[in-house]
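> Kindly generate the corresponding structure for this input.
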Amino acid sequence: IPKEKELASFMGVSRTVIRESLNRLKTMGLIESRKHSGTIIRSPDLSAILGKSLIPRILDNKTLMDIFEIRLALEVGMADFIFSRKTGADIEELEEIVKIEPDHSDNILFDVDHEMRFHGKLYRMTGNDTLEDFLNLSLPAFRHVYNTGLLKRNGKRKRYKSHKELVALLKSGTPDEFREGMRRHLENHFSRIFTENNLPDQ
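Below is the predicted model of the structure:
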C-alpha cells in the first residue's frame with residue numbers, strides 16, 4: 001500500500017491519523033510491514049480475530065448457545081470430509097481414544113474432556129485448518145455451556161451412536177452411514193436444546 005505521506009495527501013488527513021489507522025489494521029492482522037517491501041495487505045488470521053472475542057465470561061448466554069449449536073451443525077456437516085480423508089493411522093488413533101468407553105451408549109453423556117479428545121481428532125481429520133482452529137478456540141465456550149447448566153437437563157435421553165460405533169462406521173461403513181451416525185451420536189445434545197414437541201423428525 002502507499003506510504004504514509006502519500007496516503008495522508010490522497011485522503012486529506014494528517015500523517016498521525018494515517019499512522020494510527022495503520023496500527024489498528026496491523027493489530028487486526030489485515031496488514032503487515034516487510035523489510036524492503038513496505039506495508040502490504042495480508043489475508044486476515046481469522047483464528048486470531050475470533051480468539052480475541054470468544055471469551056465465555058463476557059459472552060451472553062444466547063451467544064454461547066449459538067456457538068454450541070454451530071458445533072453441532074459443523075460436526076454433522078463435516079462427516080463427508082472426515083470419511084474421504086481418513087487414513088489407517090487415523091483409525092488406529094481413534095481406536096486408542098475409545099478403548100476406555102463402554103460398548104453401548106444408553107443414557108450416557110460422555111465426559112467432556114474425553115469427548116473433546118475424540119472430536120478434536122475428527123476435526124483434524126477434515127484437513128481444514130480453520131475448522132480445527134475454530135474447535136480449539138471454542139472449547140472454553142463449550143465447557144462453559146456444559147458446566148453452567150445452559151443446556152436443558154430434562155430432555156428425554158435416547159440411545160445414540162457411541163464413539164466406538166462411529167469408528168466402526170469409519171472403518172467399514174459408507175459416507176451416508178457415517179453422517180447419519182454422527183447425527184445420532186449428537187442426538188442427546190439436540191434433545192437438550194429442543195423440546196420434545198419441536199425436535200426435528202429423524
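
> From now on I want contacts and neighbour counts done on CA atoms only, so please keep to that.
Fine.

> where are the low-confidence patches of this protein?
102-112, 152-159, 195-202 (pLDDT under 70).

> quick check: longest helix of it.
helix 129-147 (DSSP state H).

> Give me the buried stretch members for that helix, please.
131-142, 144-145 (16 or more other C-alpha atoms under 10 Å).

> Give me the distance from stretch 180-197 to the chain's centre.
In terms of C-alpha atoms, centre = their mean, to the nearest Å, the centre of stretch 180-197 is set 18 Å apart from its chain centre.

> got it, and stretch 142-154?
The answer for stretch 142-154 is 17 Å, by C-alpha atoms, centre = their mean.

> Would you mind writing the CA trace of that stretch as CSV?
Only the C-alpha atoms of stretch 142-154 are listed here, as CSV (Å, rounded to 0.1, in the frame of the first residue of the first chain):
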residue,chain,number,x,y,z
PHE,A,142,-18.3,-25.5,25.0
ARG,A,143,-17.1,-26.1,28.6
HIS,A,144,-19.0,-23.1,29.9
VAL,A,145,-22.2,-24.3,28.3
TYR,A,146,-21.8,-27.7,29.9
ASN,A,147,-20.6,-26.5,33.3
THR,A,148,-23.1,-23.7,33.9
GLY,A,149,-26.3,-25.7,33.0
LEU,A,150,-27.3,-23.7,29.9
LEU,A,151,-28.3,-27.0,28.3
LYS,A,152,-31.6,-28.3,29.5
ARG,A,153,-31.3,-31.3,31.8
ASN,A,154,-34.9,-32.7,31.4
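
> Could you list the residues in contact with it?
56, 61, 64-65, 67-68, 112, 192-193 (C-alpha atoms under 8 Å, 6 or more residues apart in numbering).

> swap in stretch 62-82?
Against stretch 62-82 from outside (C-alpha under 8 Å, 6+ apart): 56, 122-123, 125-127, 135, 138, 141-142, 145, 150, 175-176, 178-180, 182-183, 186.

> one step back: which among the contacts of stretch 142-154 count as buried?
56, 64-65, 67-68, 192-193.

> sorry, back to before: could the buried residues of helix 129-147 go into CSV alongside distance to residue 52?
Listed next are the buried residues of helix 129-147 as CSV, based on distance: C-alpha to C-alpha, whole Å:
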residue, distance to residue 52
131, 17
132, 17
133, 13
134, 12
135, 15
136, 13
137, 9
138, 11
139, 14
140, 13
141, 13
142, 16
144, 17
145, 19
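
> now, which of those residues sits nearest residue 91?
residue 132 (18.0 Å; C-alpha to C-alpha).

> need the contact list for the closest one.
120, 123-124.

> In strands only, show me those residues.
Among the contacts of residue 132, DSSP state E puts none in strands.
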